[in-house]
Structure formats: structure tokens, C-alpha cells
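J.: whatever this is, show me its structure:
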Amino acid sequence: MEAEKQEEEGSEKQLTNDTPASTNEKPTELYEDQLEVALPAIEGRNTLILMPTGAGKTVVAASVIEKVINDSDNKMKCKVIFMVPTGPLVKQQQERLEQCLRPSRNFRITGLKGDTMKIPLKAMLESHNVIVLTAAILDNALRDGDHLVELESLALLIFDECHHCMKDHVYNGIMKRYRYEKFEYPDTKLPQIVGLTATTGTGKAKSQIAAEEHVFQLICNLDTSYISVVERNQNILQERINVSEEVSPICVDPREEDPFKTEVCKIMCEIENIMKDAAESVLRDLRSVPRDKKSPSYMQWLSRVDKESGKVLEDGDMLRIVRTCVRHLQDYHISLGINAEVRTKDAYDYLNLKYKEMSDPDQMEAFNETDFSLLQKFMRKRRMFGDVSKNPKYGNPLLKTLKDIILREFNQTPKSRALLFCQTVEATKALKTWIEETDSLRFLIPNRMVGGKTMTSAQHKEILDRFQEGKHKLLVATNVLEEGIDVAACNLVMRLNYVPSDTGHTQLKGRGRAENSKSYLIASSECNHAAWEYANKARSGMSERAVASLRSLPTRELKARMLRRQREDFNQHKLEEQSAGNARPRHAGEFELLCGGCRKFACSTLDIGAFKDTQHVVLDEQFLVERAKLTPHPKPKKIDHEFSKIGKVHCKECNHDWGILAIICQQKLPIIKISSFIIEKENDNGEKLKYVEEKWSNARKIFNVRVLKREDLQTLKKMNVPDF
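T.: Purely as a prediction, here's the structure:
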């Protein structure tokens, strides 16, 4: 081809629609703009495809899949993996591909996610040639010794929302293995790579140079030297999609009087003083408390205090005081956030529920003096909080502004569909309740959408179907609807005190797909949300210019630059792997795990085993019988064919959360969180070694953990597990 000849001469620019397709017919029904961006991938090149939200990137991907499989001599042996970043996207993208590819003998399509897997990926690949899955499934299969899937057995890897392929994201973990094989085994035939996204993002870049570096690193990670965007058919694209009108940020002054906030802050100061009296002399973080108690920096400070207390405090009673105070302060902090964004009533209801749960007789069995004291602090203010929550004088100006916008837009367009984004799960609950309890807004029949850990994919689909049918006219959502999930055309997108990343900003613009749609940001004047919003708009422009700059380079020059960067990354990766392979735990022998809440002995590290390298179980029967307390899991769930969670495991002494009780390969076993414990031992010199780790990967650099195989669990003597 002429394009290949130009590339050899080093003069070719980024591929455009001027390059002839390798087939005389469109591989599937594509608009001209879709065909334009699909061509490099259809011709077999590793390609990053950039198209706006709602432009049909999945249809483009289907055309590439169709071409790859139809060109194969053995179509059922031509395997395609379509990866998505989250579980809720699996079913949606599977159904979309089935619509495009019309499953037949040539296309056997299925979807896999962790909680629906019945058999390993390797077995599914024997009977299907197109599999939509969460990336973690492929990542695990590439390392699973029993059911290993090799990259060379795959023809095409598609990364949906590929802008995530950076740093420690699972997408980049898969591509690290790809790049490793590319250099270590250069004769190996690796699968074609296609990335799909609406924007590359900038990685919070503060300069154009930094933005270009971010985009360059992304294409190096994905090994996609072709960045495909719509140029020649831009007019067709613009006719097909609707872009929301972005209304200038609306800043609202907070309440003139806020007695709930005032009294909660007083309680928080009292709790902070309890911690200071107990441990300020040894816990330095207690000497510098952030002033704004509802700010993210305050929650970060609490996390630091919680972690450092486990490392520094030797006295179990002192540790328990500090960590008990931290838990109460976290709840008050969340209530301040709800009060700022929604109603005082919702903030009060949140606290009331928390302290009602805390007052449960089973919980109070483990109470000490501090627990009773902190419970009483809330109880003494409970009536006052209740009275304030009912007083219309303390209504939230944010909600008045939000209500006015909703009513105005629905009066102008009665058949409107609206999305309302907020920061937290708690805020979605409060906003839904507020709408339902507001007479003028009740007609919206609202519902809420939050992440997969709280809602299942089936629940997501049911809610979205009802939204499309008009049974819900408004959905309150967290960032779960920010990317990927297909939402019926709506004409009103509102964000309440919520500003996403620059990537999220671009994707949220595409949520309003109906004609004449609008996008609002309603924000408190106390915050810097308006400034962040303008910064995101600026970064979106930086991202577009960075892409244009890289696309302007001759292909040979860009590939050479990418190859140099990839080889540098490969050499660094090899060094890291060699170091990891040669690494031994820093200390040999046995450590004790002490409860992170009260320092009571929990178990020995010699009694811990790791199944699938991720599930760390305690094999000492006395752990459950003598030291732990079991309760039913509030949300029991079957994760896959050999793993179900059925219970919660707590410290019998202080009720600190230790982990879960699970059924693994038909064995009931406790799975513990290393972040809930203090790792401790005394060395030969009498020196006490003490660690607090958030991740098991770090803890296993300190002590050895026995590796458990399926046959180990199948032959293990069944534990005497106490009843709940």
C-alpha cells in the first residue's frame, strides 16, 4: 500500500480516511465519521480511537472485531477480549456487540464478571470467540497457573475507557505483561490493541508540556502509535450528536445561621480534646488539627491519626480511645457534608441511624468508658438536632437554587429527563428523599444510581429502563454514571457541589444527549468548585492540543520515541521483577497480629494462608472460637463458583472490624484485612518491631505467608465455626 511505502520513507503523518480500506465494503453499518476513525484498526494497526460520548465507539469496535474474525482462517479460534473497567458495563457492552455482530456460527459472544463466573476464562474461550469482561478477570487469567491464558492465544484486545491505562490501573498491569513479552520474546505474535475513549485526560497537568507527556505515556502504555480522531467527517459527527450547553457555574452563599454545624463542630472539638489528653504527647498529628471539619483534608487527617496510632501507641487502652474517637469523628464529618449539600434533617437522620446501630445490645457488650461517653455526647444534643432539622429557618439555599432550576427546565420542557450528580452515596440518599418529600418536585418520581458495591448490574439496568420509559424523570447519581454506562437521552445534567476530573468533565458533557440539553454546576460559594470547573475546561483544551501535537509527528518519529520510552519502562520493569524475585521478607520467623482497636492478640502469622494470592485466611480454629465474634453479613453474596461471603468477623474484646467469614471451596474460613491489625514481634536484641500496613502486598514483604492451593483447602479439616 502507498501508506506503508510512505511510512517506510518516514514521511507519513497520522493515518486518516485518505488511506484506502483493505476491504471494498464497510465491515458493519457505520457512519462516515465512524468509518474514518475505524480504518487504522480495521487495517490491523494498534489504535487509540477518540470519539465523543454518544458517538458510537462500541459500534466502531464491533466493526473491527468483525473484520478480525472474518479474515481469520479458523473463526472460532480467533479470540477477542473486550475489556471494561467496571462490572455494570459488562452486560451493556455484551448486548451492544450482539446487536452489531448478530451472533452466528462466526460470532459466539458472552460476558463475564466476578460475581457471575461459573468456570475459568480459559474454559470460556474454548466455546466463545468474543468475550466482554472486567479487566481483572483477564489479569488474573494471565497469571493463573491452573488455568493460564496466554496473550499469544488472543487475536484482539479492546480497552473500553482506555484513558485508565496509567500507573497501577489493572489495564496497565495487563499492558505491562504485553510490553514485557514484546521485548523479551520479540518473535511472539501478540494481539492487536484497540483503545476506546472520549478523552485522553491530562493527569491534572499544569502545563501544555505536562499534558503532552501524559498523552504520550498513555499511547506508550497501550502500544498504540495511531491516534484516530474524526477530521474529514467532522460535520457528519456534529449532526449526529448533541452537545450540552454548559451554563456558567452558579455559586450560592451558605446558610446565614447553621446551628447544626455549630453544635456538631463543638462536639468534634470535645472529641479531639479527648484524643489529645490521651495521646498528644506521643502522637504528633494530634497537635495540628485542620480547622475546616467538613473538608477532605480533615478526613485525611483522621486517616493519618488512625494509622499512626497503631504504629506509635503501645498501650492498648490508649489505642482504643484514639481509634474510637476517630470513628465517631468520621461520622460527624460525613454528617457535616450532608448538612452542607442537602438538609439538616438528612444529616440528623444519618447520625441518628449511626448511633441507633451503635446502641444495639450486641454492640454495647464490648463498650468501655470511652464508648459510653461518646454515645452520650450525641444523646444530649439529639433533641436539639431534631428541633433544628424541622425549622424551615435553617433551609439550605443550595436546594432552593436547585429546585428553581429543575422547575424552570421542566416547565419549559415537560418531557425532560434529568441527571443530578453529587459526591457521595449518602448524598444520593438524602437528595432522593428531599425530592420525594418536596410537594413541587414529587412528580419527578426520582431514583438513585450508585456504584457496583452498593447496587448490582441488574438493579442498574432496571433503574435505567424505568428512566428511559419515563417512570423516573430524574436520577440522582454518584460518578457511576460518569462514564461508560449508557443513559437514555436526557436534556438536563446538574451537579451539586460536584466537580469531577478533567476526564470526567468531558464525559459528563456527553450525558446530555437530547437536543437543546443543558449542563449546570450549582456550588457553594464556600468552596473552590467554580475555579476547579474552569481549570477542567482549560485542561480539556490542553488534552486536545496534546493529541493534535502527537498526531502531527511523522509516524516513524512517533514510533521511535515510543519504542525508546517503552524500552526504558521495560528495563525498569525487569529490574523491579528481579528485585521482587530475589526479595525475602525483612524478618524471618513468626509475627503476632494484634487487634488494631485494642491490641489484643488475634493470631500468629504462621497460621495465615493466601488463596489465589488475594484471600488471606486464618487457619487457626481458636481464632474464631476464642478471639473473634461472628455476625451475619449485612449483604451476603456469592462472588463466583468457589467463593461466597456469609459473615462479618469482629474482635470479641472491642468489636473492631477484622474482616469477613467466607465459604471458599466448600470450607468456612475467616478472611482478614491486614489494615485491621498491628504486626508485631520482638527480635533477638529485645527490640520491638511494629508495622501497620494498608495492603497485604506490603505486609508480605515483612513476613512469609503460606500459599494455599485448591487441593490444600479441599483436604483441610473442616473448622469448628461458631454459630452467628
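
J.: how about Asp160, phi and psi?
T.: phi -80, psi 140 (degrees, to the nearest 10).

J.: who's in contact with the closest residue to it other than its chain neighbours?
T.: Distances taken as C-beta to C-beta, 6 or more residues apart in numbering put Val84 closest to Asp160, at 4.8 Å, once the chain neighbours are dropped. From N, CA and C alone the C-beta is placed, and that goes for glycine too. For Val84, the contacting residues are 90, 93, 132-135, 160-161, 484, by C-beta atoms under 8 Å, 6 or more residues apart in numbering.

J.: possible to save the residues you listed as CSV with distance to Lys176, secondary structure and neighbour count?
T.: Listed next are these as CSV, based on distance: C-beta to C-beta, whole Å; DSSP: H, G, I helix; E, B strand; the rest coil; neighbours: other C-beta atoms under 10 Å:
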residue, distance to Lys176, secondary structure, neighbour count
Val90, 23, helix, 24
Gln93, 24, helix, 23
Val132, 22, strand, 28
Leu133, 18, strand, 24
Thr134, 18, strand, 23
Ala135, 13, helix, 23
Asp160, 19, strand, 24
Glu161, 18, coil, 21
Gly484, 23, coil, 20
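
J.: of those residues, which is the nearest to Glu365?
T.: Of all those, Glu365 sits closest to Thr134, with 40.1 Å by C-beta to C-beta.

J.: do you know how far that closest one is from Lys471?
T.: Remark: distance between Thr134 and Lys471 (C-beta to C-beta, to the nearest Å) = 29 Å.

J.: separation between Ile193 and Glu245?
T.: Going from Ile193 to Glu245 by C-beta to C-beta gives 36 Å.

J.: who has more neighbours out of those two?
T.: Neighbours were tallied for Ile193 and for Glu245 using other C-beta atoms under 10 Å; the higher tally belongs to Ile193 (21 against 12).

J.: next, Leu237: secondary structure please.
T.: Per DSSP: H, G, I helix; E, B strand; the rest coil, the secondary structure class of Leu237 is helix.

J.: excluding sequence neighbours, find me the nearest residue to it.
T.: Asp33 (4.1 Å).

J.: how about the helix or strand where that neighbour lies: buried residues?
T.: Using DSSP states H and E, Asp33 maps to helix 32-42. Residues of helix 32-42 classed as buried by neighbour count (16 or more other C-beta atoms under 10 Å): 33-42.

J.: quick check: what element follows it along the chain?
T.: Immediately after helix 32-42, counting by DSSP H and E, sits strand 47-50.

J.: can you list the strands that that following strand pairs with?
T.: Here strand 47-50 is paired, per DSSP bridges, with strand 192-197 (parallel), strand 226-228 (parallel).

J.: residues in contact with the next helix or strand after the first one: which ones?
T.: So that's strand 192-197. Per DSSP H and E, the first helix or strand lying C-terminal to strand 192-197 is helix 208-222. The contact list for helix 208-222, computed with C-beta under 8 Å, 6+ apart, reads 46, 48, 159, 162-163, 165-166, 171-172, 175, 179, 193, 195, 200-203, 205, 225, 227, 539, 542-543, 545-547, 549-550, 561-562, 565-566, 569.

J.: could you give the mean pLDDT of helix 208-222?
T.: The average pLDDT within helix 208-222 is 97.

J.: how many neighbours does Ser676 have?
T.: Neighbour tally, Ser676, other C-beta under 10 Å: 20.

J.: and for Pro120?
T.: 19.

J.: so where does the closest residue to it other than its chain neighbours fall, helix or strand?
T.: The shortest distance from Pro120 to any non-neighbouring residue, by C-beta to C-beta, 6+ apart, is to His147 (3.8 Å). If you go by DSSP H and E, His147 is not part of any helix or strand.

J.: ok, now Asp404?
T.: Going by DSSP H and E, Asp404 is in helix 397-412.

J.: buried residues of that helix, list them for me.
T.: Using 16+ other C-beta under 10 Å as the test for burial, helix 397-412 gives 398-399, 401-402, 405-406, 409-410.

J.: how far out from the middle of the chain is it?
T.: For helix 397-412, the distance from its own C-alpha centre to the chain's C-alpha centre is 31 Å (C-alpha atoms, centre = their mean, to the nearest Å).

J.: repeat that for stretch 154-171.
T.: 14 Å.

J.: now it: average pLDDT?
T.: The average pLDDT within stretch 154-171 is 96.

J.: got the CA positions of it in PDB?
T.: Extracted as PDB, the C-alpha positions of stretch 154-171 are listed here (Å, rounded to 0.1, in the frame of the first residue of the first chain):
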ATOM      1  CA  LEU A 154      -5.700 -13.900  21.600                       C
ATOM      2  CA  ALA A 155      -6.200 -12.000  18.400                       C
ATOM      3  CA  LEU A 156      -7.500  -8.700  19.600                       C
ATOM      4  CA  LEU A 157      -7.700  -6.800  22.900                       C
ATOM      5  CA  ILE A 158     -10.100  -3.900  23.200                       C
ATOM      6  CA  PHE A 159      -9.800  -1.500  26.100                       C
ATOM      7  CA  ASP A 160     -13.000   0.400  26.800                       C
ATOM      8  CA  GLU A 161     -12.500   3.700  28.600                       C
ATOM      9  CA  CYS A 162      -8.800   3.200  27.800                       C
ATOM     10  CA  HIS A 163      -7.700   6.500  29.400                       C
ATOM     11  CA  HIS A 164      -7.400   4.500  32.600                       C
ATOM     12  CA  CYS A 165      -4.300   2.600  31.300                       C
ATOM     13  CA  MET A 166      -1.900   4.500  33.500                       C
ATOM     14  CA  LYS A 167       0.200   3.800  36.600                       C
ATOM     15  CA  ASP A 168      -1.300   1.000  38.800                       C
ATOM     16  CA  HIS A 169      -4.600   0.500  37.000                       C
ATOM     17  CA  VAL A 170      -5.400  -3.100  36.000                       C
ATOM     18  CA  TYR A 171      -5.400  -2.000  32.300                       C
END
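
J.: may I see the buried residues of that stretch?
T.: 154-166, 170-171.

J.: swap in stretch 712-723?
T.: In stretch 712-723, counting by 16+ other C-beta under 10 Å, buried: 713, 716, 719, 721.

J.: and the last one, its phi and psi?
T.: This points to Val721. According to degrees, to the nearest 10, Val721 has phi -90, psi 120.

J.: nearest residue to it other than its sequence neighbours?
T.: Lys668 (4.6 Å).

J.: who is the one you found paired with across the strands?
T.: Ile663.

J.: what ranges in the stretch 351-500 of the chain fall below the confidence cut-off?
T.: Across the stretch 351-500 of the chain, the ranges flagged by pLDDT under 70 are 452-453, 484, 488.

J.: mind picking out the helix or strand in this structure with the poorest mean pLDDT?
T.: One helix or strand of the chain scores below all others by mean pLDDT, DSSP states H and E: helix 2-9, with a mean of 37.

J.: what segments of the stretch 1-150 of the chain are helices?
T.: Ranges of helices in the stretch 1-150 of the chain, per DSSP state H, counting those that start in this stretch, are 2-9, 32-42, 57-70, 88-101, 121-127, 135-141.

J.: by contact count, what packs against the third one?
T.: Taking 3 or more C-beta pairs under 8 Å, 6 or more residues apart in numbering; DSSP states H and E as the contact definition, the neighbouring helices and strands of helix 57-70 are helix 32-42, strand 47-50, strand 80-84, helix 88-101, strand 156-160, strand 192-197.

J.: among the ones you listed, which is nearest Gly56?
T.: Of the helices and strands packed on helix 57-70, nearest to Gly56 by C-beta to C-beta is helix 32-42, at 5.7 Å.

J.: any chance you could map the helices in the stretch 401-550 of the chain?
T.: Under DSSP H, counting those that start in this stretch, the stretch 401-550 of the chain gives helices at 425-437, 457-469, 502-509, 529-551.

J.: coming back round to it: name the nearest of the buried residues of helix 397-412 relative to Lys681.
T.: Closest approach to Lys681 among the buried residues of helix 397-412 (C-beta to C-beta): Leu398, at 52.5 Å.
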